[in-house]
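Visitor: okay, predicted coordinates and the sequence, questions at the end:
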Amino acid sequence: MSKIGMALSLLAGLILAAPAFSADHRDAPALLFENGGDRSLDLNDVYLFRSPANRRNTVMAMTINPFTIGVGSDDPATGDAFSTTGAYDFKIDTNGDALEDITYTITFQSQTRYTVTETRTGKTPTVLTRNAIVGKNTRLPGGRQIVAATFDDPFFFDINGFRAFDADGAMGPNPPREFNDGNEFDFFAGFNTSAIVLEVPSSTFPASIGLWTRTLDEEGIQVDRTALPAINTVFIRPNRFHTTGANHKNLFNAGIPADDVEDFLAEATAVVFNVTGDMEYALAIAEAVLPDIMPFRPASSDGFLNGRRLADDVIDAELGLLTKQGLTTDGVPANDRAFRNTFPYLATPNDN
């Protein structure tokens, strides 16, 4: 089997441990329906970029509650868009110690109204609003604005191309096809997601920051977290290379970035080594993705790994990193729906 075929079969196992799992969609076992979990607390992706409408502003967004109603959805009964018992946090590190210095917390009183609170280390929390309306853009003090609503899922990826390969790298059935064979298809086309989008003046931050998001359940227990795309899905067991032993995905989701290197560096290094066979390279990549914090320079318009713009093809970038440039594209270069140039920037939702 060719090196590319081997990389494909390995990555297929990495990214597709189960058919419904992809990126960070449903990467939290504690939130799966069969475990009594609340999918409205399941984080998908994080975006962080300079506003295309106002270069003096920074935009952060979290998508939540994957595979909601939309064209082609096979699971229309997805429940409420947002949890009314849990909480959603944007965590911002301003000094590089992998600990939060600013937190924006969003809590929902109902499926129509929510509260936004800002907390700075060592200071009393400030309520920015108690009456934001779901689905409506809301102005906040200090030049901020926020929206919580349903949008087209901005993630794009040809998952079916990976599914076409079996453990030996051969084409799979129904229908037989090859990855990057000219029949590429965005698996996420037509699906919607819940999202919270927050825009703030970049003067709020220093020259560089780090961002991650998390969700808390009704008891205040952290049940999911994410920053860089697919870290838990790809690097944390169980995956292609950790088929035995404990399931660490809930452990990762309950953790904090400051502990990531100590707790998960060995797992992440093993994954890249098994793909590339290069231990020095594997360790360098593992050290680059841990701790799981998204770095960003607000004055820069660069994309991933300087934050993550909506249109950034993170799958291509990460395939290149994981395979040491042996595989550099999945053949899906863009989202199925056009992003907007004005707040809230995500594409409008698909019809039912």
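Guide: Nice, thanks for sending it over.
Visitor: now the strands for the stretch 101-250 of the chain?
Guide: Using DSSP state E, counting those that start in this stretch, the strands found in the stretch 101-250 of the chain span residues 102-108, 113-120, 126-133, 138-140, 144-152, 192-201, 209-216, 222-226.
Visitor: turn these into a markdown table, columns for mean pLDDT and distance to Arg337.
Guide: In this view, the C-beta of every residue, glycine as well, is placed from N, C-alpha and C. Rendered in a markdown table, the data for the strands of the stretch 101-250 of the chain read as follows (pLDDT from 0 to 100; distance: least, C-beta to C-beta, whole Å):
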| stretch | mean pLDDT | distance to Arg337 |
| --- | --- | --- |
| strand 102-108 | 98 | 24 |
| strand 113-120 | 98 | 25 |
| strand 126-133 | 97 | 24 |
| strand 138-140 | 98 | 24 |
| strand 144-152 | 96 | 5 |
| strand 192-201 | 96 | 10 |
| strand 209-216 | 97 | 23 |
| strand 222-226 | 94 | 22 |
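Visitor: go through the ones you listed and name the closest to Asn306.
Guide: strand 209-216 (10.9 Å; C-beta to C-beta).
Visitor: among the strands of the stretch 101-250 of the chain, which is nearest Pro333?
Guide: The nearest among the strands of the stretch 101-250 of the chain, by C-beta to C-beta, is strand 144-152 at 16.5 Å.
Visitor: that closest one packs against which elements?
Guide: Packing partners of strand 144-152 (3 or more C-beta pairs under 8 Å, 6 or more residues apart in numbering; DSSP states H and E): strand 102-108, strand 126-133, strand 138-140, strand 192-201.
Visitor: just to revisit the earlier point, so which of the strands of the stretch 101-250 of the chain comes closest to Asn247?
Guide: Among the strands of the stretch 101-250 of the chain, strand 222-226 sits nearest to Asn247 (C-beta to C-beta), with 14.7 Å.
Visitor: which strands or helices does that closest one pack on?
Guide: Packed against strand 222-226 by the contact rule (3+ C-beta pairs under 8 Å, 6+ apart) you find strand 43-50, strand 209-216, helix 249-254.
Visitor: residues near the closest residue to Leu41 other than its chain neighbours, how many?
Guide: The shortest distance from Leu41 to any non-neighbouring residue, by C-beta to C-beta, 6 or more residues apart in numbering, is to Thr215 (4.1 Å). A count of nearby residues for Thr215, using other C-beta atoms under 10 Å, gives 26.
Visitor: Thr215 touches Arg39, doesn't it?
Guide: No. Between Thr215 and Arg39 no contact is recorded; they are 10.8 Å apart, counting by C-beta atoms under 8 Å.
Visitor: what residues does the nearest residue to Phe252 once chain neighbours are set aside make contact with?
Guide: Spatial nearest neighbour of Phe252, chain neighbours left out: Ile236 (4.7 Å); criterion: C-beta to C-beta, 6+ apart. Residues in contact with Ile236, defined by C-beta atoms under 8 Å, 6 or more residues apart in numbering, are 248-249, 252, 264, 267-268.
Visitor: would you mind measuring from Ile236 to Asp260?
Guide: 10 Å (C-beta to C-beta, to the nearest Å).
Visitor: how about Lys324?
Guide: 23 Å.
Visitor: who's more crowded, the two?
Guide: Asp260 (20 against 17).
Visitor: could I get the phi/psi values of that one?
Guide: Main-chain torsions, Asp260, degrees, to the nearest 10: phi -60, psi -40.
Visitor: give me the below-cutoff pLDDT ranges for the stretch 51-200 of the chain.
Guide: 69-79, 161-179 (pLDDT under 70).
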